[in-house]
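# got a predicted structure plus its sequence, pasted below:
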Amino acid sequence: MTTVNGGSYMHVTSRLSSQFSSNEDDVLDVSSATNSIHEAISQESWYQQTLSVVVVGASGDLAKKKTYPSLLKLFEENLLPADGIIYGYARSRKSHEEFRRHLLPHLKKTGTNEIIVKDFLSKCYYHSGKTYGDKSAYADMIGDGLVPFEESTKNTVSNRLFYLAVPPDVFGESGVVIKTHGMSTTGWTRVVIEKPFGQDLESCDALLQTLSENFEEHHLYRIDHYLGKEIVQNMLMFRFSNSFWEPIWNSDTIESVVITFKEPFGTDGRGGYFDKYGIIRDILQNHLLQVATLFAMEPPKNEDADAIRDAKVEVLKSMEILSLQDCLLGQYDGYSDDPTITNKDTNCPTYAAIRCKINNPRWKGVPFILQAGKAMDEKVCDIQVRFKPAKSFPSMRRSSKNFLENAPAEMVMRLQPDPCISLNLNIKSPGFSTMPTRGNMVMRYEDMPNLSNPDAYTRLLLDVIRGKQGSFVRDDELRFSWQIFTPLLHAIDDTKVRPLPYRFGSSGPANREAWMAETTKSVLPLQASL
Ligand code: NDP
Ligand code: BG6
């Protein structure tokens, strides 16, 4: 039997198997891709070393809903080193047991077997401090918690991962104390930083400065969880490994690109945070812009993290700076009734549609619309690509009176729910008729057998541990994105422009469709059916 870290592969395979199937025959069915990733990981050096994780802000919303469930998933799949410990740090006072009880319901929700949850919780500890820069609290947590554990494992290398699940105001002080008290002396130290990274270019620069005084870029993993979603992770493969896309993935063939995020709920108890940031900083400047850059970028020189991020940066450099004229803003009725919003006259947008222009040879003249809204009619996030109409096909012209006028083909890449890619095309009506009709070709992930589709945070945490920075936001990328958005954000704050009202649960402000049609120069509503 092959052993790993004193444990055994027998244990590894039995945990992996339980993940996919209860039946031994079916275990053989698990996709070879999944097996090979586990195989590759078990050969990587970190897997044989000790890993200490510190979740900073462990008492908060993100930690319980995403960070710990994702760590549990990695643990369940045997994708964490055998020798590992997870410390939660925050200001709230709790014992280790109280903290475990606080996490338990959220871990149960993942559907993971109770024995595995219990096993996982036995590796979770908690430490509180007065502030997020509390040196003595950090010294105690590291000196009495991490170090004795790391020394007990007998591995010569111990790596440390700090996850900053705290509001951005305390990123700076957290970074300073990690640098002075938290760095591993035998292995790597990596720091995951949540969004929003600043509020505008100036505050982003201040944060970059504080962190760069303490860390080098290879230490820092600025997380944007949209980069961990399946469709987004698939973008490079989809675009560049199918040769027919490249000749048409440009302004010759593509008329417009609309990237949409909609949520059917409002601020949901996060009004205090949201009112300070608004929908543009919460979703557009990061999640949707990241998706847009991957969609629009030139082929990277290679698949290295830096080559991919270089290509994304080139797109940002070609984008025009945004102003109020480029956007439509909305606020849902009743938004300021949220008791955590103190400014009842707030002009904070909860919906925004923004026309972006990418002035490079590939995209000149193609509108890229990014739109996002809270309290809307559905939960969806997708990329709608509208192709230009065919110029001269007689059947289409003949049919124009009783069919869609020269209906263009569309492609929809749906990130959520139910990730899929769909092409909506003109085809001949079946049978004797020569009239056109619409045909739909759909690739749904849910139809794929034995699919393991882990949550975005789970994938990205694994990338951090493996040292893969390609799906994290680099400092220059971040600065360019704030450069594009800051004038617009300041104009909204300074002019006190009133967003247009919309009904909770609706599709946005009344003139949304007209704005969209005008902006995309499209006579048909953009809406491919899936
Ligand atoms: P919380 O508001 O829940 O804050 C996390 C913890 O930080 C709290 O439990 C609290 O712990 C401490 N804290 C809260 N406010 C302050 C403050 N003003 N000063 C110092 N400490 C404070 O945030 P979330 O967990 O929702 O988010 C954490 C980070 O993740 C943020 O940057 C957020 O933007 C980002 N994020 C969150 C998402 C979510 O779904 N929640 C999604 C994507 C990103 P204590 O009082 O015990 O110290
Ligand atoms: C977060 C935003 O970054 O993303 C939230 O702060 C939003 O406001 C969330 O609800 C949406 O994430 P997802 O993965 O549910 O689409």
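Received the coordinates, thanks. Ligands and ions are numbered 1, 2, ... in the order given.

# now residue 274. Its backbone dihedrals?
The phi and psi values for residue 274, taken as degrees, to the nearest 10, are phi -60, psi -40.

# same question for the one 4 residues further on.
Dihedral angles phi and psi of residue 278 (degrees, to the nearest 10) take the values phi 80, psi 170.

# ok, now which ones touch it?
Neighbouring residues of residue 278 by C-beta atoms under 8 Å, 6 or more residues apart in numbering: 348, 349, 350, 352, 489, 492. All C-beta atoms are positioned from the backbone trio N, CA, C, and that covers glycine.

# which residues sit in contact with the third one?
In this structure, residue 350 makes contact with 266-267, 274, 278-279, 330-332, 335, 373-375, 499, judged by C-beta under 8 Å, 6+ apart.

# confirm that residue 127 sits in a helix.
No. Judged by DSSP: H, G, I helix; E, B strand; the rest coil, residue 127 forms no part of a helix; its state is strand.

# for it, which non-adjacent residue is closest in space?
Of all residues not flanking residue 127 in the chain, residue 141 sits nearest, at 4.0 Å (C-beta to C-beta, 6 or more residues apart in numbering).

# could you do residue 93 as well?
residue 128 is the one closest to residue 93 (C-beta to C-beta, 6+ apart), at 4.9 Å.

# could you do residue 388 as well?
Here the residue nearest residue 388, using C-beta to C-beta, 6+ apart, is residue 255, at 4.7 Å.

# surely that neighbour and residue 365 touch.
No. Using C-beta atoms under 8 Å, residue 255 is not in contact with residue 365; the gap is 9.3 Å.

# these two: which has the busier surroundings?
Shown here are residue 255 and residue 365; by other C-beta atoms under 10 Å, residue 255 has more neighbours (20 against 11).

# so what's the more buried one up against?
For residue 255, the contact set (C-beta under 8 Å, 6+ apart) comprises 366, 386, 387, 388, 389, 408, 520, 521, 522.

# sheet-wise, list the partners of the helix or strand encompassing it with their directions.
Following DSSP states H and E, the helix or strand that holds residue 255 is strand 254-262. When pairing is defined by DSSP bridges, strand 254-262 lines up against strand 367-373 (parallel), strand 380-387 (antiparallel).

# now those strands in JSON lines, with mean pLDDT, distance to ligand 1 and mean neighbour count?
Listed next are those as JSON lines, based on pLDDT from 0 to 100; distance: least, C-beta to the nearest ligand atom, whole Å; neighbours: other C-beta atoms under 10 Å:
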{"stretch": "strand 367-373", "mean pLDDT": "97", "distance to ligand 1": "14", "mean neighbour count": "24"}
{"stretch": "strand 380-387", "mean pLDDT": "97", "distance to ligand 1": "14", "mean neighbour count": "21"}
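
# of all these, which one is nearest ligand 2?
Closest to ligand 2 of those is strand 380-387 (C-beta to the nearest ligand atom; 6.0 Å).

# returning to that earlier point: from the contacts of residue 255, which is closest to residue 305?
Nearest to residue 305, judged by C-beta to C-beta, of the contacts of residue 255 is residue 366 at 27.6 Å.

# that closest one is in contact with residue 257, isn't it?
Yes. Using C-beta under 8 Å, residue 366 makes contact with residue 257 at a distance of 6.6 Å.

# where in this structure is pLDDT low?
Across the chain, residues meeting the criterion (pLDDT under 70) sit at 1-34, 392-406, 450, 522-530.

# farthest residue from the center of it?
For the chain, the residue at maximal distance from the C-alpha centroid (C-alpha atoms, centre = their mean) is residue 432, at 48.3 Å.

# this completes my enquiry, with thanks.
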